[in-house]
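Undergrad: just coords:
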């Protein structure tokens, strides 16, 4: 199993966990001063952001100087939470990276294939070989694929504060 395949397995498992825990979210949030509208532009969801200085998804690994970094990225949407639009996945080469919506905003559920720009915090976690093998076993990979797992890989996720959809 290649590192790409391992990461895809991890992302798939994360998507299952997140999709099963999605709640119906609203476009407003309550605070001490009343109710505040989170999105105001027709193609901007969550915090109002701009496309300026956004980087392509393939540059994500080189952005890390610690296990979490502020990012402003752009990429193609592969999948969206069909329950409430509370997460999406963005193409990362042959793989996908999970993007969760901070502060419980949501995006339209019909944006697969569209380009998005988002700003937020990216996280990376080194997943050890034992965990990768356990996930491969649980997802019914062949024994040859499980035996081929010999190196840990980084798992990336992003928590977006704002998303632009086009």
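TA: Received it, and whenever you're ready, just let me know what you need. All figures in this text were calculated on a predicted structure; none of them were measured in a lab.

Undergrad: figure out how far stretch 129-147 is from the centre of its chain.
TA: 23 Å (CA atoms, centre = their mean, to the nearest Å).

Undergrad: buried stuff in it?
TA: Across stretch 129-147, burial judged by 16 or more other CB atoms under 10 Å covers 131, 132, 133, 135, 136, 141, 145. For glycine as for every other residue, the C-beta is placed from the backbone atoms N, C-alpha and C.

Undergrad: tell me the one of those nearest residue 58?
TA: residue 132 (22.3 Å; CB to CB).

Undergrad: parallel or antiparallel, list what pairs with the host helix or strand of residue 45.
TA: Using DSSP states H and E, residue 45 sits in strand 44-46. According to DSSP bridges, strand 44-46 has the following sheet partners: strand 153-165 (antiparallel).

Undergrad: hey, where'd the strands end up in the protein?
TA: Counting by DSSP state E, one finds strands in the chain at the ranges 28-31, 34-37, 44-46, 55-56, 68-80, 87-92, 95-101, 115-127, 153-165.

Undergrad: where in this protein is pLDDT low?
TA: For the chain, residues meeting the criterion pLDDT under 70 lie at 1-42.

Undergrad: residue 146 and residue 67, how far apart?
TA: Here the criterion is CB to CB, to the nearest Å. By it, residue 146 lies 27 Å from residue 67.

Undergrad: same check, this time on residue 112
TA: For residue 112 relative to residue 67 (CB to CB), the value is 29 Å.

Undergrad: looking at the strands of the chain, which is nearest to residue 62?
TA: So among these, strand 55-56 is nearest, using CB to CB, at 9.2 Å.
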